[in-house]
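A.B. asks: would you be able to build a 3D model of this:
(chains A and B)
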Protein chains: 2
Amino acid sequence: MPLVSIDQASEVADRLLAAAGVPAENAVLQRDLLLDAEMRSIVSHGLLRLPRLVERIANGVADPVTRGRHEWTAPGFLRVDGEQGLGPVVAQAAIDAISARAAEQGVAVAAVANANHIGMLGFYADRVAEAGKCLIAFSTSEALVHPWGGRRAMIGTNPIAIGLPTGDGIFMMDTATSLVSMGEIHDHANRGAPIPPGWALDGEGNPTTDAAAARDGAIAPFGGPKGYALGLAFELLLTALAGSAIGREVKGTLDSTEPCTKADLFIVIDQELAPVAHFVELLRNEAPADGFEGVRIPGERGRLLRQKALAEGIEIADVTWSRLRELAGPAESIKD
Amino acid sequence: MPLVSIDQASEVADRLLAAAGVPAENAVLQRDLLLDAEMRSIVSHGLLRLPRLVERIANGVADPVTRGRHEWTAPGFLRVDGEQGLGPVVAQAAIDAISARAAEQGVAVAAVANANHIGMLGFYADRVAEAGKCLIAFSTSEALVHPWGGRRAMIGTNPIAIGLPTGDGIFMMDTATSLVSMGEIHDHANRGAPIPPGWALDGEGNPTTDAAAARDGAIAPFGGPKGYALGLAFELLLTALAGSAIGREVKGTLDSTEPCTKADLFIVIDQELAPVAHFVELLRNEAPADGFEGVRIPGERGRLLRQKALAEGIEIADVTWSRLRELAGPAESIKD
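C.D. replies: Coordinates of the predicted model:
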């Protein structure tokens, strides 16, 4: 895999987005979001999404310019029509608006419909926490997860992220309510590798260890009935608040032709916070269980990887990098 | 097990609480909370908690009168000092206050410190949803759960509940971030039954199937690292917002002598909601996976059990019912 500097990756992404008609300010946000995931080794939410995004712009299902239409239905509640804007552009504009409001009111909420895929929620949680506030963020997605006891995909992977300042840095966690991502299923299928029992059902709703069969089926919720209950609660709450599509009617998070109809929800809380960094430190130093190297703090491995990537560059999958360069045309920073 | 009518159980609970100095209005709330759990068959959060609560009042670590001290630090943010009040009394007063505020502002939040155990979070989520609003509720507890990769209990069972109107009734889910409850471990130990592998560690931090050994150890988070990340995020967020104790410093949720130092967090959202009942109905009618009877909707089994209990009464564990009657003295409604 080619080792690419962050400058090179940024330039290629920027050229590509500029050619697609994305204004510079929006391009920086979209590029930073994807690069951030790439640097944290969350490849499924990284640069491989860029070619499809460009197709979506070309197909008229992603508007490169709009930041979304804002309507304050109450002093603390912002309804956002994403107008098919780029996910991070609409999301960040909503978060900026409710962050300013939360500074006055203590809390503010944004419910977003009709924005494109907003990527890794942790990106926003990190930024809000760095700014000294707390963020709880949710998203729905196309139905990929089977309800506990069901046979087919009915519920999104519906992630949650939480970020807050700890008094000495920040804490951020970000997890889907699915056991694994559809990206991981595809990755196994591409390698011809089986998937572990319990990960997925096939297209007929039967348990399978065949990754290729699982692509047409459904992923399990994480943690069985509890993860199902959480994922369902997020699906209902977000849909009710955003007025978006639900279940199998959600489209446009994976393809390049359908308008995106999922929902996003952001809750920003701005209050004086008691320090909790000492507890994070305590956990970090806990004696490891047999077979473990230690207790991991969510978000920290990603931050270390990002630091390393900023200094040393990132390895990008050959197929992704070739495709991006092909789309972007010759870039000054890249010598062949 | 004796079959007890809801009237009988209520009368015994009321007598007991009145004798402990609990004003009638507060007693009704505390009794309804415990009875609600009992009727839903969540026995660990039911009437068996009453004798300990009475002990806590006698020991001066539960104040039967206060509804908590309210301070609005911002128009949408309520800080509550529970003043060691009864959990449901302090919680409901906080929820009432932020519900009124959310009607104006769209959203309001309460962070509660120093209240006694507030019981099953679903009780509040149900009530708020019945009143036409959305509730997201969280609580911390004494450290009973081991961090993923760790050896000892460091994190609370930290439940989350979400309630909302669906356009045709309500949806409510309520789950701890632990795999099981400490009550289930005790139940296995009392019956001399082993626990399944993966449920818990013993006092030395080694995996065990011995329920008695697990009582001195730690319960697993649900869903492995994902549930751990969620439970930890809730612990950090609630502690930071409520200024309460954290980790192993949290006391008073299980014993009868320590002031209660956990935190509770309530987010009420009051907005026009898109209907989602059709999707719940769709799920209910999904074809069941092999080995399942069907897809369950979280909260519904409990509601059915409650209806049945209201009509037919409840079976209460002998030891619990005898102890309650002994503490309450003779009750008119009960013929021996």
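A.B. asks: drop to CA atoms for contacts and neighbour counts, all remaining ones
C.D. replies: OK.
A.B. asks: not counting residues beside it along the chain, what's closest to the residue of the stretch 201-336 of chain A at minimum distance from chain B?
C.D. replies: Evaluated by CA to the nearest CA, the stretch 201-336 of chain A has A:Gly223 as its residue closest to chain B, separated by 3.8 Å. In space, and not counting its chain neighbours, A:Gly223 is closest to B:Gly223: 3.8 Å by CA to CA, 6 or more residues apart in numbering or on different chains.
A.B. asks: ok, A:Gly167 next?
C.D. replies: Using CA to CA, 6+ apart, the closest residue to A:Gly167 is A:Pro275 (4.6 Å).
A.B. asks: nearest residue to the middle of chain A?
C.D. replies: A:Met120 (2.1 Å; CA atoms, centre = their mean).
A.B. asks: let me see the backbone angles for it.
C.D. replies: phi -70, psi 120 (degrees, to the nearest 10).
A.B. asks: repeat that for A:Pro207.
C.D. replies: phi -60, psi 140.
A.B. asks: for A:His117, list the residues it contacts.
C.D. replies: Neighbour list for A:His117: A:86-88, A:253, A:260 [criterion: CA atoms under 8 Å, 6 or more residues apart in numbering or on different chains].
A.B. asks: which of the residues you listed fall in helices?
C.D. replies: A:87-88 (DSSP state H).
A.B. asks: and which of the contacts of A:His117 is nearest B:Leu324?
C.D. replies: A:Thr253 (55.8 Å; CA to CA).
A.B. asks: ramachandran angles for the closest one?
C.D. replies: phi -100, psi -10.
A.B. asks: for it, grab the count of nearby residues.
C.D. replies: 21 (other CA atoms under 10 Å in any protein chain shown).
A.B. asks: what does the one 10 residues further on give?
C.D. replies: Summarising burial for A:Ala263: neighbours were counted as other CA under 10 Å, giving 33.
A.B. asks: quick one: low-confidence parts of chain A?
C.D. replies: Applying pLDDT under 70 to chain A flags the ranges A:331-336.
A.B. asks: what ranges does it have for its strands?
C.D. replies: A:3-4, A:69-74, A:77-81, A:107-113, A:134-139, A:160-165, A:170-175, A:200-201, A:207-208, A:218-219, A:263-269, A:314-315 (DSSP state E).
A.B. asks: now for the first one, which elements pack on it?
C.D. replies: Translated: strand A:3-4. strand A:314-315 (3 or more CA pairs under 8 Å, 6 or more residues apart in numbering or on different chains; DSSP states H and E).
A.B. asks: count the residues that sit near A:Val180.
C.D. replies: 18.
A.B. asks: for A:Pro196, same thing?
C.D. replies: 11.
A.B. asks: who touches it in this structure?
C.D. replies: So A:Pro196 contacts A:Thr209 (CA under 8 Å, 6+ apart).
A.B. asks: the same query, at a cut-off of 10 Å, please.
C.D. replies: A:208-211 (CA atoms under 10 Å, 6 or more residues apart in numbering or on different chains).
A.B. asks: sorry, back to before: ok, the spatially closest residue to the residue nearest to the centre of chain A that is not a sequence neighbour to A:Pro2 distance?
C.D. replies: Distances taken as CA to CA, 6+ apart place A:His45 nearest to A:Met120, at 6.3 Å, with adjacent residues excluded. Taking CA to CA, to the nearest Å as the measure, A:His45 falls 19 Å from A:Pro2.
A.B. asks: who has more neighbours, the two?
C.D. replies: Taking other CA under 10 Å, A:His45 and A:Pro2 do not tie; A:His45 has more neighbours (21 against 12).
A.B. asks: that one reaches A:Asp36, doesn't it?
C.D. replies: Yes - using CA atoms under 10 Å, A:His45 makes contact with A:Asp36 at a distance of 9.0 Å.
A.B. asks: what is in contact with these two at once?
C.D. replies: A:119-120.
A.B. asks: returning to that earlier point: which ones are touching the residue nearest to A:Met120?
C.D. replies: Going by CA under 10 Å, 6+ apart, A:His45 touches A:33-38, A:117-120, A:183.
A.B. asks: ok, A:Val61 next?
C.D. replies: A:53, A:55, A:83-86, A:114-116, A:252, A:256-260.
A.B. asks: same check on A:Asn285?
C.D. replies: Contacts of A:Asn285 by CA under 10 Å, 6+ apart are A:279, A:294-296, B:150.
A.B. asks: quick one on the thing from earlier: now the residue nearest to A:Gly167: how far from A:Ile170?
C.D. replies: To A:Ile170, A:Pro275 is 10 Å away according to CA to CA.
A.B. asks: can you check A:Ser99 too?
C.D. replies: Taking CA to CA as the measure, A:Ser99 falls 17 Å from A:Ile170.
A.B. asks: got it, and A:Ala153?
C.D. replies: Distance of A:Ala153 to A:Ile170, given as CA to CA: 35 Å.
A.B. asks: then A:Gly46?
C.D. replies: From A:Gly46 to A:Ile170 the distance is 23 Å (CA to CA).
A.B. asks: repeat for A:Ile57
C.D. replies: 35 Å.
A.B. asks: A:Leu304 too?
C.D. replies: A:Leu304 is 13 Å from A:Ile170, by CA to CA.
A.B. asks: can you show me the helices along the stretch 51-200 of chain A?
C.D. replies: Using DSSP state H, counting those that start in this stretch, the helices of the stretch 51-200 of chain A run over residues A:87-105, A:121-130, A:182-191.
A.B. asks: who are the packing partners of the longest one?
C.D. replies: Pointing back at helix A:87-105 there. Packed against helix A:87-105 by the contact rule (3 or more CA pairs under 10 Å, 6 or more residues apart in numbering or on different chains; DSSP states H and E) you find helix A:24-39, strand A:69-74, strand A:77-81, strand A:107-113, helix A:121-130, strand A:134-139, strand A:263-269, strand B:69-74.
A.B. asks: now it: buried residues?
C.D. replies: Across helix A:87-105, burial judged by 16 or more other CA atoms under 10 Å in any protein chain shown covers A:87-95, A:97-99, A:101-105.
A.B. asks: enumerate the residues of the stretch 1-150 of chain A near chain B.
C.D. replies: Residues of the stretch 1-150 of chain A that fall close to chain B, judged by CA under 10 Å from any CA of the partner chain: A:72-78, A:102-109, A:134-136, A:146-150.
A.B. asks: ok, the residue lying closest to A:Met39 once chain neighbours are set aside - contacts?
C.D. replies: Distance criterion CA to CA, 6+ apart; nearest residue to A:Met39, sequence neighbours excluded, is A:Arg306 at 4.8 Å. With contact taken as CA under 10 Å, 6+ apart, A:Arg306 is in contact with A:35-41, A:300, A:312-314.
A.B. asks: do you know how far A:Phe222 is from B:Leu283?
C.D. replies: For A:Phe222, the distance to B:Leu283 - CA to CA - is 18 Å.
A.B. asks: now A:Pro194
C.D. replies: As judged by CA to CA, A:Pro194 and B:Leu283 stand 29 Å apart.
A.B. asks: neighbour-wise, which of these two wins?
C.D. replies: The neighbour comparison of A:Pro194 against B:Leu283 (other CA under 10 Å) goes to B:Leu283, with 21 against 15.
A.B. asks: bridged to A:Arg69, which residues?
C.D. replies: A:Asp81 (DSSP bridges).
A.B. asks: show me what contacts it?
C.D. replies: Counting by CA under 10 Å, 6+ apart, A:Arg69 makes contact with A:78-83, A:85, A:90, A:93-94, A:112.
A.B. asks: now A:Arg31, nearest residue through space, not along the chain?
C.D. replies: Nearest residue to A:Arg31 in three dimensions, chain neighbours excluded: A:Ala13, at 6.2 Å (CA to CA, 6+ apart).
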